[in-house]
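Chemist: pasting the structure only:
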């Protein structure tokens, strides 16, 4: 399916009054905003449809125990989730890096991303006609749509770009800013992708400063606001190597969202708390499982599990993350094995966890790690500030923590290790290794015997292929990525 056809498929909105929660979204209708959207509420419901599309099995969700392209899959592509004997081979093409340009799950991820983008564009298409009478509402809706559009383009670029260099003229992904089913877009350069992402997010932040009402209510982090836009910018600037900007925007988030108290931290993963959650995508029964392709508790199947090389990084007694993320649960034959327990279930499901839990896409913990790394990598490194952020995060996660004294390479390695411990199965590890650059990036799986133990820096697999159906349908898409 080409991007042209994605646009047609993406026009999904809800026109049922009273549906206010993202977790309630069930897109049903196909509308053209330019002819059918008559009220500002029509645009609001179109925006809710964009949030609903994040639940796709090819984005944050998982159905039939596969995909989670931007949640657990990056850890399967790397070294923090290893295939087990319970595998159904659903993700083996990724964990063994054997994918090609006709891989269906890669095409599905491409389509899932552009469906969200087109829905975001639909929710802005013609909305300016309300600017004079509903200026604050227009800003509230359009700011969220721009933030969604920027995030998804950035996520797609992470897989399909061969480098994250800020001013690279290598090809990234098509950046689509209009709702037009006739377009057949070309791929933009990585520099152009960054320019557009930055422009959309900064425009959104300006709009969020002038809205008609609060976007997220007390204890709710289901919708994108200025804090989410700041968090995306912080992540983007870390990737692009703009360390001063990464520090600036991560600090904005840190100042607004303190780290969760150590005893509150486990409640984040059962949806009993929204402490330090900047943006969380809501899931309910029937809308997929976050992490279901790693461990599906409803059927007690662990296809991919944290290896000993990761589990042994934690202080298993005092680090609250270990018990929040990892558990020893007997298999269906009564044999103990280590599983990813981070996404077991919501706190109210006490009898049989089913893996239905919200996905925490941005948290303050990540912002501390972004800022610590940026302090260390900036033109004039600030080791004292980097160490302070590392110690602050550890103190919030480890009982009776004694602050470390580290410098140089030891401090750099400690920050990298802390990212692994903090962010496992949140969509980072493969990209963290990839952004080291062509000479340094590598996946090395300790104790691996599968025959797919090392991903070398020169491998084509660091960059995904443009789906063959896209190339066939869109003559403007340009060259295939090298090696495919």
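Modeler: Looks like it came in fine. Keep in mind that what you see is a predicted model, and the values were worked out from it rather than measured. Numbers count the residues shown, from 1 in each chain.
Chemist: from here on, contacts and neighbour counts on C-alpha atoms
Modeler: OK.
Chemist: Low-confidence ranges, the stretch 201-350 of the chain, go.
Modeler: Low-confidence segments of the stretch 201-350 of the chain, defined by pLDDT under 70, are located at 346-350.
Chemist: For it, which segments count as helices?
Modeler: Along the stretch 201-350 of the chain, counting by DSSP state H, counting those that start in this stretch, helices occupy 226-240, 243-256, 265-268, 308-311, 320-325.
Chemist: what's the most buried one of the ones you listed?
Modeler: Scoring these by mean neighbour count under mean count of other CA atoms under 10 Å gives helix 226-240 as the most buried, with a mean of 24.
Chemist: tell me what that one is packed against?
Modeler: helix 135-160, helix 190-208, helix 243-256, strand 277-281, helix 364-377 (3 or more CA pairs under 8 Å, 6 or more residues apart in numbering; DSSP states H and E).
Chemist: Next, format those as TSV and append distance to residue 401.
Modeler: Listed next are the helices and strands packed on helix 226-240 as TSV, based on distance: least, CA to CA, whole Å:
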stretch	distance to residue 401
helix 135-160	35
helix 190-208	37
helix 243-256	21
strand 277-281	23
helix 364-377	17
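Chemist: In contact with the residue nearest the centre of the chain, which residues?
Modeler: Nearest residue to the geometric centre of the chain (CA atoms, centre = their mean): residue 70, 4.7 Å. Listed by CA atoms under 8 Å, 6 or more residues apart in numbering, the contact set of residue 70 reads 59-60, 155, 426-427.
Chemist: hmm, 7 Å instead?
Modeler: The neighbours of residue 70, taking CA atoms under 7 Å, 6 or more residues apart in numbering as the test, are 59-60, 427.
Chemist: what about residue 210, neighbour count?
Modeler: Other residues lying near residue 210 total 15 when counted by other CA atoms under 10 Å.
Chemist: What sits closest to it if chain neighbours are left out?
Modeler: residue 136 (5.9 Å; CA to CA, 6 or more residues apart in numbering).
Chemist: returning to what we had before: redo the helices of the stretch 201-350 of the chain as CSV? Include distance to residue 440.
Modeler: Shown next, in CSV, are the helices of the stretch 201-350 of the chain (distance: least, CA to CA, whole Å):
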stretch, distance to residue 440
helix 226-240, 15
helix 243-256, 19
helix 265-268, 34
helix 308-311, 20
helix 320-325, 28
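Chemist: Among the ones you listed, which comes closest to residue 117?
Modeler: Among these, the nearest to residue 117 by CA to CA is helix 226-240 (15.8 Å).
Chemist: If you compare the directions of the closest one and helix 243-256, what angle comes out?
Modeler: 150 degrees (axes from the mean of the first three to the mean of the last three CA atoms, to 10 degrees).
Chemist: now the residue nearest to the centre of the chain: how far from residue 234?
Modeler: 18 Å (CA to CA, to the nearest Å).
Chemist: Excluding covalently adjacent residues, which one is nearest to residue 187?
Modeler: Nearest residue to residue 187 in three dimensions, chain neighbours excluded: residue 174, at 4.1 Å (CA to CA, 6+ apart).
Chemist: Can you check the pLDDT for the one you found?
Modeler: Per-residue confidence (pLDDT) for residue 174: 98.
Chemist: Residue 13 too?
Modeler: pLDDT, residue 13: 39.
Chemist: How about residue 280: which residues does it bridge to?
Modeler: residue 360 (DSSP bridges).
Chemist: Surely residue 430 touches residue 76?
Modeler: No. Counting by CA atoms under 7 Å, residue 430 stays clear of residue 76, with 8.1 Å between them.
Chemist: okay, these two: which has more neighbours?
Modeler: residue 76 (27 against 22).
Chemist: Please determine how far the residue lying closest to that one once chain neighbours are set aside is located from residue 78.
Modeler: Leaving aside its sequence neighbours, residue 76 sits nearest to residue 95 (CA to CA, 6+ apart; 5.3 Å). With distances defined as CA to CA, the gap from residue 95 to residue 78 amounts to 7 Å.
Chemist: What of residue 157?
Modeler: 18 Å.
Chemist: between the two, who's got more neighbours?
Modeler: Taking other CA under 10 Å, residue 157 and residue 78 do not tie; residue 78 has more neighbours (27 against 24).
Chemist: for that one, what are its contacts?
Modeler: 429-430, 443.
Chemist: For residue 461, find the nearest of the helices and strands packed on helix 226-240.
Modeler: helix 135-160 (9.7 Å).
Chemist: got the angle between that closest one and helix 190-208?
Modeler: 160 degrees.
Chemist: Quick one: mean pLDDT for helix 135-160?
Modeler: On average, helix 135-160 scores 98.
Chemist: same deal with stretch 46-66?
Modeler: Here the average pLDDT along stretch 46-66 is 89.
Chemist: Could you do stretch 187-198 as well?
Modeler: 98.
Chemist: Just the residues contacting that stretch, thanks.
Modeler: For stretch 187-198, using CA under 7 Å, 6+ apart, the contacting residues are 150, 154, 166-175, 477-478.
Chemist: Would you mind listing which of those are buried?
Modeler: Using 16 or more other CA atoms under 10 Å as the burial test, the contacts of stretch 187-198 include 150, 154, 166, 168, 170-175, 477 as buried.
Chemist: And the furthest pair within those residues?
Modeler: 166 and 477 (21.5 Å).
Chemist: quick one: residue 434 from residue 191, how far?
Modeler: According to CA to CA, residue 434 stands 18 Å off from residue 191.
Chemist: whoops, residue 111 was the one
Modeler: On the measure of CA to CA, residue 111 and residue 191 end up 23 Å apart.
Chemist: neighbour-wise, which of these two wins?
Modeler: Taking other CA under 10 Å, residue 111 and residue 191 do not tie; residue 111 has more neighbours (24 against 19).
Chemist: Tell me who's in contact with residue 261.
Modeler: Contacts of residue 261 by CA under 7 Å, 6+ apart are residue 396.
Chemist: Use 629 as the first number from now on
Modeler: Noted, 629 is the first residue going forward, which turns the last one into residue 889.
Chemist: Phi, psi for it please.
Modeler: phi -60, psi 150 (degrees, to the nearest 10).
Chemist: what sits against residue 832?
Modeler: 771-772, 774-775.
Chemist: ditto for residue 681
Modeler: Residues in contact with residue 681 (CA under 7 Å, 6+ apart) are residue 744.
Chemist: From residue 1074, how far out is it?
Modeler: 37 Å.
Chemist: Output the below-cut-off pLDDT ranges for the stretch 979-1112 of the chain.
Modeler: 979-980.
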